[in-house]
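J.: Following is a predicted model, sequence given first.
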Amino acid sequence: ALKYHPDKNKSPQAEERFKEIAEAYEVLSDKKKRDIFDQYGEEGLKGGMPGPDGKSQPDGGFQYQFHGDPRATFAQFFGASDPFGAFFGGGDNMFGGVGGVPCSNTSEVFLNMGADDMFGGFNPNAGAFRSQSFNAQAPSRKRQQQQDPPIEHDLYVTLEEVDRGCTKKMKISRMSITQTGNARKEEKVLSITVKPGWKAGTKITFPKEGDQAPNKVPADIIFIIRDKPHGQFKREGSDLRYTAQVSLKQALCGSAVSVPTLQGDRIPVNSANEIIKPTTTRRINGRGLPFPKEP
């Protein structure tokens, strides 16, 4: 439009080209007109929509006529009486002073297109304006940053710690980005509260505590609870299994067996007058591990 503006281009064809560009922009900026042009072409806009025989119908329901004032067309969309004033010394900004509404995407499409693109002239790229105009006005999508895979560490705890609960301090080393954009190694202490009764396999996640890097989301750090082997008990869920060693005489004649606990006291189990077999089992209620709560 600037190239063929009559105030800048004094050639005889400039005025006509300027009108054609304004007409093309007016059709592009009106959804109804654009849809009719896409379906029926320029003839559909100016002479009515074609009927079943392919001929134009004067009463086709829509007729379009350009009003002939290209300056009014541009002023209608850019909100100024002279939208080109700034280019020729007549305005305070690109859109002609107060009331101008910047619309960079739309104006970019407009300035890069000619009427030949709109009405299928000699331009070899005619018809390509539709995808270009739509893409220019579509909202830009910020590229989603990828996150590194989680970093997992085993955290071993004793049965005594699981019984009463405990707090573990874990020191990690990671790369961090300073405010100046430089990478440096730092150490950080993560505090883990192990709740009573937690089972092996329980996971504690510290989001985004991994190495920092440009254009990436730091990895999560995950600690997985593992049971340390115990000298007396074997864990089975929240139950504790203890294996007592008895002599043949004790097994045949019966005896009292002293069973240790995690709390430090001992519980006597009386099996007098009973033959103890290798598979004999006694249950002591309420002296195992507490039932776990949610992490």
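T.: Okay, I see it. Keep in mind that this is a model prediction, so the values were computed, not measured. Numbers count the residues shown, from 1 in each chain.

J.: where's the closest residue to residue 276 other than its chain neighbours, which helix or strand?
T.: Leaving aside its chain neighbours, residue 276 sits nearest to residue 251 (4.3 Å; criterion: Cβ to Cβ, 6 or more residues apart in numbering). No exception for glycine: its C-beta is placed from N, CA and C like everyone else's. Assigned by DSSP states H and E, residue 251 falls within helix 248-253.

J.: Do me a favour and average the pLDDT over that helix.
T.: Averaged across helix 248-253, pLDDT comes to 82.

J.: Extract the C-alpha trace of that helix and format it as PDB.
T.: C-alpha atoms of helix 248-253 as PDB (Å, rounded to 0.1, in the frame of the first residue of the first chain):
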ATOM      1  CA  LEU A 248      15.000 -80.800  71.400                       C
ATOM      2  CA  LYS A 249      14.200 -81.100  75.100                       C
ATOM      3  CA  GLN A 250      12.300 -77.800  75.100                       C
ATOM      4  CA  ALA A 251      10.400 -78.800  72.000                       C
ATOM      5  CA  LEU A 252       9.300 -82.100  73.500                       C
ATOM      6  CA  CYS A 253       8.700 -81.100  77.000                       C
END
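
J.: Now do the buried residues in stretch 274-281.
T.: residue 276 (16 or more other Cβ atoms under 10 Å).

J.: can you list contacts of that stretch?
T.: 246, 250-252, 254, 271 (Cβ atoms under 8 Å, 6 or more residues apart in numbering).

J.: which of those residues has the most neighbours?
T.: residue 271 (18 neighbours; other Cβ atoms under 10 Å).

J.: list the contacts for that one?
T.: Residue 271 sits next to 254-257, 280, 282 when contact means Cβ under 8 Å, 6+ apart.

J.: Can you pull the phi/psi pair for it?
T.: Here is the backbone geometry of residue 271 (degrees, to the nearest 10): phi -120, psi 30.

J.: what do you get for the one 5 residues further on?
T.: Note on residue 276: its backbone torsions stand at phi -90, psi 120 [degrees, to the nearest 10].

J.: likewise residue 237?
T.: Note on residue 237: its backbone torsions stand at phi 70, psi -120 [degrees, to the nearest 10].

J.: In terms of helices and strands, where is the nearest residue to it once chain neighbours are set aside?
T.: Distances taken as Cβ to Cβ, 6+ apart place residue 199 nearest to residue 237, at 7.2 Å, with adjacent residues excluded. Secondary structure assignment for residue 199, by DSSP H and E: no helix or strand.
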